[in-house]
Structure formats: structure tokens, C-alpha cells
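[1] got a predicted model here, sequence first, then my questions.
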Amino acid sequence: MRTPLFKPALLIASLLCTAAIVHAQEAPAAPEPPLPALPATPWEAPPLQPFTATYQAVYKGKEAGDATMRVTHTGGAQWRVDMQVVGRRGFASVLGLNLEQSTVFEKQGDTYVPLSQATVRKGLFLGKKVTGTYNWQAGTAQWLGDLKKERTVPIPLQPGDQSALLLNLAIMRDARPGGQMHYRYVDVGRVRQHDYQAAPDTENVQVGDLSYNALRVYRTNGGNDETILWIANGVPTPVRILQREDGEDRIDLRLIEYQGV
């Protein structure tokens, strides 16, 4: 079942203009009360499930492209998560690339265990491909392809290590109002610590023409690079993902529709 989450702004503007003309011809009416805020609801973490989500990509406040996140159950305990960013209206020229990224992983109880990772970057004078393998028997992860030599050296693995894409799913699974989350990011030959804090309560968040009662989760150890996600009950993917740099919005992904099973 396809769940549309976006209505054209021109249609809404037309309806508002029509309503204004009708009211001008009628006797003055008492002003309508403001719409009530969405009531707070008990928080429920969404289960891991297949879905396809489409995001509007905004770069420094201007619409620039779109992104698609897809989670697929490939059989047994194995799953795959993909992200594709497509530049439109100058998005590719601004960033210099289009991006495709994927991670194959296993669900072991409540743990997501990465098995392999791939990244492809495409641009006008740019084309790079990197593939990585998480070898849990050997206890190392290694990436090959268009990388600096030092980033092709095997990295010792630790239980709970996550790829970049798995971080989103892990946050969806772990976030609770007021809770803290800690992850070790191992991806494309790098190791980083990612720490996150969830707000104590949900808040009303406007995404396109819809309002969500969403839980805000933000990274606490990113320095000048901030990452903020908003998660809503019943939606298997973040409704908004914002990356800020030096206090200014940089890349803003806003959910416009998703299709689940």
C-alpha cells in the first residue's frame, strides 16, 4: 500500500484563494480557534520491516534533489539497506556527485550485524567505487577500491560495530525519550564514535504539509558537524534528517512518501 505524504503547494494555495473570495462576500464570521497541537502518544519503537522511503533533499535552504532509502529482507536472517541520492536543480554540481550506498546485514536477535558495504559516487569528472567486507570470523573489516592506502588496512572489529546506513536503523530501534545511544561507526576504512541523545518528550514537527508528533534525536559528539533526526510512531524511517555545519543547515532530507509491506 502506497502512503502519499505530499500535496502540491499550488493546489493548497488555490483552495486558500477561493476560500478568501467566498468569505469576502459573506457576513463577517467569528475567527476560528487555532488548530490544537498533536497530543503526545506513548513511544513505540518501530520493528525492522521492508520499506521504500523517498525524501526531498534541500541544500542550504534550497530544493536540490531527492533521496531514496530502501530496506529489503533478502531471506532468513539477512537484510539489505540502500540509500541513493540523485542531484537535481544543481544538487549534483554543488556536491560534485551522485551517491549510491548499500549495506548487507544480519539480524541476530535485536542486533544488526553488517556483512558487506559498497559506495559508488558519480559526478561530472568524478567516479569512485569502494567495497568493504566485515569478516567476523577473522575479526576484521577491510575496504578496497578508490581509497587512500591507509584506509585499505584491515580494521579490528568489535561487537556492535555499525556501518553508516545501519546507524539510522539502529537509532530507530534504540531511541527512547530521554535516552542515550552509543555506537562505533566502522565504514569506508574509518572508525568513529557516534553518541546520540534523545529529547525527553516528543514534539510537533512539520514536514511538508503534514505534522508529526516526533522524537528528536541528535548527535552529541560531532563538534561543528551536527546530525539531527526526527522519528515518528508508526513510520519505519526518520521523517526528517538534518545535517548542520558551523551552526547552519547544510543538507536536509524531508520524507515525502514511503511504501511499506
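    Done, it's in.
[2] so where's the stretch 1-150 of the chain uncertain?
    Along the stretch 1-150 of the chain, the model assigns pLDDT under 70 to residues 1-41, 89-97, 123-126.
[3] helices of that one, start to end?
    Here the stretch 1-150 of the chain has its helices, by DSSP state H, counting those that start in this stretch, at 9-25, 91-95.
[4] quickly list what the nearest residue to Trp143 once chain neighbours are set aside is bridged to.
    Spatially, and ignoring its direct neighbours in sequence, Trp143 is nearest to Gly132 (4.0 Å; C-beta to C-beta, 6 or more residues apart in numbering). Every residue, glycine included, has its C-beta placed from N, CA and C. Here Gly132 sits in beta bridges with Gln117, Trp143, going by DSSP bridges.
[5] now do Leu255
    Partner residues in beta bridges with Leu255: Tyr55, with DSSP bridges as the criterion.
[6] that one touches Trp230, doesn't it?
    No. Contact criterion C-beta atoms under 8 Å: Leu255 and Trp230 do not qualify, at 9.2 Å.
[7] overlap in contacts, those two.
    When contacts are counted by C-beta atoms under 8 Å, 6 or more residues apart in numbering, the set common to Leu255 and Trp230 consists of 207, 238-240.
[8] now, which of these sits nearest Gln101?
    Nearest to Gln101 among the shared contacts of Leu255 and Trp230, counting by C-beta to C-beta, is Pro238 at 15.8 Å.
[9] from Asp146, how far off is that closest one?
    Going from Pro238 to Asp146 by C-beta to C-beta, to the nearest Å gives 29 Å.
[10] and Ala214, by the same measure?
    37 Å.
[11] which of the two has more residues huddled nearby?
    Counting neighbours by other C-beta atoms under 10 Å for Ala214 and for Asp146 shows that Ala214 has the greater number, 22 against 13.
[12] list the residues that contact that one.
    Here Ala214 is in contact with 202-205, 230-232, 239-240 (criterion: C-beta under 8 Å, 6+ apart).
[13] tell me which of these fall in strands.
    Judged by DSSP state E, the subset of these located in strands is 203-205, 230-232, 240.
[14] most widely separated two among those residues?
    Pairwise distances across the ones in strands among the contacts of Ala214 peak at 13.7 Å for Asn204 and Ile231 (criterion: C-beta to C-beta).
[15] please say which of those two ends up with more neighbours.
    The residue with the greater number of neighbours, taking Asn204 and Ile231 and applying other C-beta under 10 Å, is Ile231; the counts read 25 against 11.
[16] which one is that one nearest to, not counting chain neighbours?
    Per C-beta to C-beta, 6+ apart, closest to Ile231 is Leu215, 4.9 Å.
[17] my read: the one you found touches Pro177, true?
    Yes. In terms of C-beta under 8 Å, Leu215 counts as a neighbour of Pro177; the distance is 6.2 Å.
[18] which residues do the two both contact?
    The overlap between the contact sets of Leu215 and Pro177 (C-beta under 8 Å, 6+ apart) consists of 43, 198-199, 202.
[19] redo those residues as CSV? Include distance to Arg121 and neighbour count.
    Output for the shared contacts of Leu215 and Pro177, formatted as CSV (distance: C-beta to C-beta, whole Å; neighbours: other C-beta atoms under 10 Å):
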residue, distance to Arg121, neighbour count
Trp43, 36, 16
Ala198, 32, 22
Ala199, 34, 16
Thr202, 36, 23
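[20] could I get the full set of strands for the stretch 151-261 of the chain?
    With DSSP state E, counting those that start in this stretch, the ranges of strands along the stretch 151-261 of the chain come out as 155-156, 180-187, 190-198, 203-207, 210-219, 225-232, 240-245, 248-260.
[21] looking at those, which is closest to Pro50?
    Of all these, the one in closest proximity to Pro50, counting by C-beta to C-beta, is strand 248-260 (7.0 Å).
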